[in-house]
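Peer 1: Need coordinates for the following:
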Amino acid sequence: MKKNIAIIMGGYSSEYKISLTSGNVVYETLDTSKYNPFRIHIFKDRWVYVDNEGLEHPIDKNDFSTTADGKKYTFDCVFNAIHGSPGEDGFMQAYFQMLNLPHTSCNMYQAALTYNKRDLLSVLKPYGIKTAASYYLNLGDIVDTEAIIAKVGLPCFVKANKAGSSFGVSKVYKKTELQDAFDVAFKEDDEIIIESFLEGTEVSVGVISYKGETIVLPITEIVSENDFFDYQAKYEGKSQEITPARLSKEQEEKVRAEAKKVYEILKMTGFSRSEFIFKDGEPHMLEMNTIPGLTRESILPQQAAAANISLADLFSNAIKEALKGA
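Peer 2: From the prediction side, this is the model:
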């Protein structure tokens, strides 16, 4: 019997448009001989099932069901394609866990932790994971620019602590540019992280649960045409994404081991894509995404393709792994 799969997309953050694209790719790709896919839009003002005619049918939040054409539909599994809040920061995971409804993303704690860059890096440091020097600010804090520069140096990066897709990120070269960068970051979040600039090769490493095993996918090298891997570079073609990355064998072995180590330390499940920069030959971790882009052009699907895993197989495996763990 075919499984009913709710593909949740949209969300409450600046990433909602990207999420809709990812979700629609999942919807169009899922094997309909095995699954009945349903597009579920999650927005602040409504949760709705969108049928093939574009008509919206409300979701009953009591049991995450919907009614269309006089028939009630419940779901066997949720495919989470929401980038940002509430799909990547733990809220949807907690909701589905309370409903005992299997979902393709990691658990609530892991989602909340990885979405918070400051907390993630703090948890990983005792395990020997190398990171950039950092300084934290909360909205309303007294800003000591001299202390910031003494800690992280110039140039540096100013980032919104809880945001994805390079929203709220600035590269700062001069002390006089810091305040503008803070303003940009605080538009996305009330917490920011300021990090030292690491000059070196940037790579993205996908790690997934695949057929019951943790596997590291082929590594992608990021070469941005812009000053850094910003929104334009990610989504508007202003970068080269080279898979497999042009790394020495030693570099590749080091970063693969680090990415897998992080996945296992955090007891992750589902998709993950971690970003590293090599400094003095050593990979330094920047962040982890647990709901990475899922379009055909996105990095994780590119990596899966290089590993001879099709999109349909990638998505079906995520559902199978979720159902197996239910």
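Peer 1: if we look at the top helix by length along the chain, which residues are touching it?
Peer 2: Determined from DSSP state H, the single longest helix within the chain is helix 249-265. The contact list for helix 249-265, computed with CB atoms under 8 Å, 6 or more residues apart in numbering, reads 124, 127, 129, 201, 203, 205, 207, 214, 216, 219, 245, 247, 272, 274, 276, 278, 281-283, 285, 288. Yep, even glycine has a C-beta here, placed from its N, CA and C like the rest.
Peer 1: among the residues you listed, which ones are buried?
Peer 2: Among the contacts of helix 249-265, those classed as buried by 16 or more other CB atoms under 10 Å are 124, 129, 201, 203, 205, 207, 216, 219, 245, 247, 272, 274, 276, 278, 283, 285, 288.
Peer 1: And the longest helix of the chain, what's buried?
Peer 2: By 16+ other CB under 10 Å, the buried positions in helix 249-265 come out as 251-252, 254-256, 258-260, 262-263.
Peer 1: How far away from the center of its chain is that helix?
Peer 2: Relative to the centre of its chain, helix 249-265 is centred 18 Å away, using CA atoms, centre = their mean, to the nearest Å.
Peer 1: can you check stretch 74-91 too?
Peer 2: Worked out by CA atoms, centre = their mean, stretch 74-91 lies 12 Å from the chain centre.
Peer 1: distance between the ends of that stretch?
Peer 2: With CA to CA, to the nearest Å as the measure, stretch 74-91 spans 20 Å from end to end.
Peer 1: show me what contacts the spatially most central residue of the chain?
Peer 2: Centroid-nearest residue in the chain: N289, 2.7 Å away (criterion: CA atoms, centre = their mean). For N289, the contact set (CB under 8 Å, 6+ apart) comprises 83, 88, 114, 164, 272-275.
Peer 1: cutoff 6 Å now
Peer 2: Each residue near N289 by CB atoms under 6 Å, 6 or more residues apart in numbering is listed here: R273.
Peer 1: do you know how far it is from Y49?
Peer 2: Per CB to CB, to the nearest Å, N289 is found 26 Å from Y49.
Peer 1: Local confidence estimate at Y235?
Peer 2: pLDDT, Y235: 48.
Peer 1: So, low pLDDT: which residues of the stretch 101-250 of the chain?
Peer 2: Within the stretch 101-250 of the chain, the stretches with pLDDT under 70 are 164-166, 226-238.
Peer 1: What segments of it are strands?
Peer 2: Taking DSSP state E, counting those that start in this stretch as the criterion, the stretch 101-250 of the chain contains strands spanning 134-138, 156-160, 169-172, 191-196, 202-210, 213-216, 220-224, 239-242.
Peer 1: Mind putting those strands into JSON lines with distance to D45?
Peer 2: Below are the strands of the stretch 101-250 of the chain laid out as JSON lines (distance: least, CB to CB, whole Å):
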{"stretch": "strand 134-138", "distance to D45": "29"}
{"stretch": "strand 156-160", "distance to D45": "23"}
{"stretch": "strand 169-172", "distance to D45": "28"}
{"stretch": "strand 191-196", "distance to D45": "26"}
{"stretch": "strand 202-210", "distance to D45": "33"}
{"stretch": "strand 213-216", "distance to D45": "39"}
{"stretch": "strand 220-224", "distance to D45": "36"}
{"stretch": "strand 239-242", "distance to D45": "34"}
